[in-house]
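Student: Build me a structure from this.
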Amino acid sequence: MGAEKNHHRAILFDLDGTLIDTAPDLARALRQTLRKNQLPPADKDEEIRQFIGGGARKLISRAIQKMRIPQTDALMNRLEKDFLEHYADNIARESKPFPEVRETLARLSEKGFALGVCTNKREDLARALLSSLEMEDCFGVIIGGGGRFAPKPAPDGLRGALALLKAEARASVMVGDSALDVEAARAAGLSVIVATFGYSLQPPESLAADALMTHYSELNNLIERLALDGGSKSRRAVSSDGRAQRSHR
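Tutor: Sure thing, here's the model as predicted:
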């Protein structure tokens with residue numbers, strides 16, 4: 001689906017913890033990096049999941065901080081370089097889309113939504129991951145870190161994606177899993193749905209999203225309930241079971 005089509009509505013997705021469960025491969029890369037640099041081993045995968053979000057350097061920083069190791073520029077630069085090299089070589093060994101992601105993307109596309117990815121993962125790595133999983137062609141635009149736009153929570157990438165997709169913010173939605181996604185969406189004027197199964201450091205219920213998604217089978221209905229027609233200021237937040245929540249707008 002090309003970005004040249006004149007879409008009115010778009011759905012933008014975060015990548016790690018939203019579309020793809022990348023935690024196993026990120027955890028492996030972190031462990032390999034720490035081992036290579038003779039540092040203490042990392043935590044279990046479930047604990048490492050909480051370090052994910054904001055890019056590779058943030059992940060490493062959170063792990064090192066928990067070990068109480070001083071984060072000098074020299075150390076962090078070396079760890080980031082080693083981490084990215086290992087991760088790039090093993091980017092999709094265990095990573096996989098969350099259940100029903102592919103089917104949901106197909107249904108949204110059939111309904112006329114333009115689809116895009118906005119992630120803080122380095123853009124070349126984001127494209128490599130999606131290509132390895134045969135999902136790159138699902139999206140009209142893929143915007144990642146280290147490129148043209150400031151990373152989330154800045155809204156620049158979301159605005160850039162909407163421009164490339166020829167979509168309007170008031171008729172579009174961001175689907176993510178973290179406070180970064182919510183803040184970026186708010187600043188860009190999009191509605192936002194938070195996946196409760198992602199890697200958020202905070203409880204998803206505390207992120208002030210318009211809706212919470214516990215499974216991709218719910219996404220189509222959530223989007224319909226948000227009534228993406230420009231009436232965002234009058235919308236009430238909804239949960240995955242359709243109950244109205246307290247609005248945070």
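Student: Do me a favour and average the pLDDT over the lengthiest helix in the chain.
Tutor: Looking across the chain with DSSP state H, the single longest helix is helix 73-89. For helix 73-89, mean pLDDT rounds to 97.
Student: Centre of the chain to whichever helix or strand comes after that helix, how far?
Tutor: As assigned by DSSP states H and E, the chain's next helix or strand after helix 73-89 is strand 96-97. Counting by CA atoms, centre = their mean, to the nearest Å, strand 96-97 is centred 13 Å from the centre of its parent chain.
Student: mind listing what strand 96-97 pairs with, with the direction of each?
Tutor: strand 20-21 (antiparallel) (DSSP bridges).
Student: Show residues contacting the strand it pairs with.
Tutor: For strand 20-21, contacts defined as CB atoms under 8 Å, 6 or more residues apart in numbering pick out 95, 96, 97, 98, 101, 129, 130, 133. (Each C-beta comes from the backbone N, C-alpha and C, glycine too.)
Student: Just among the residues you listed, which is most surrounded?
Tutor: The residue in these with the most neighbours, by other CB atoms under 10 Å, is residue 129 (26 neighbours).
Student: Show me what the longest helix of the chain packs onto, helices and strands only.
Tutor: helix 23-36, helix 56-66, helix 123-132 (3 or more CB pairs under 8 Å, 6 or more residues apart in numbering; DSSP states H and E).
Student: which of the contacts of strand 20-21 lies closest to residue 84?
Tutor: residue 129 (12.8 Å; CB to CB).
Student: so what's that closest one up against?
Tutor: So residue 129 contacts 15, 20, 22, 91, 92, 95, 121 (CB under 8 Å, 6+ apart).
Student: And what about the residue nearest to residue 67 when sequence neighbours are not counted, helix, strand or coil?
Tutor: The shortest distance from residue 67 to any residue other than its chain neighbours is 5.4 Å, reached at residue 40 (CB to CB, 6 or more residues apart in numbering). Under DSSP: H, G, I helix; E, B strand; the rest coil, residue 40 falls in the coil class.
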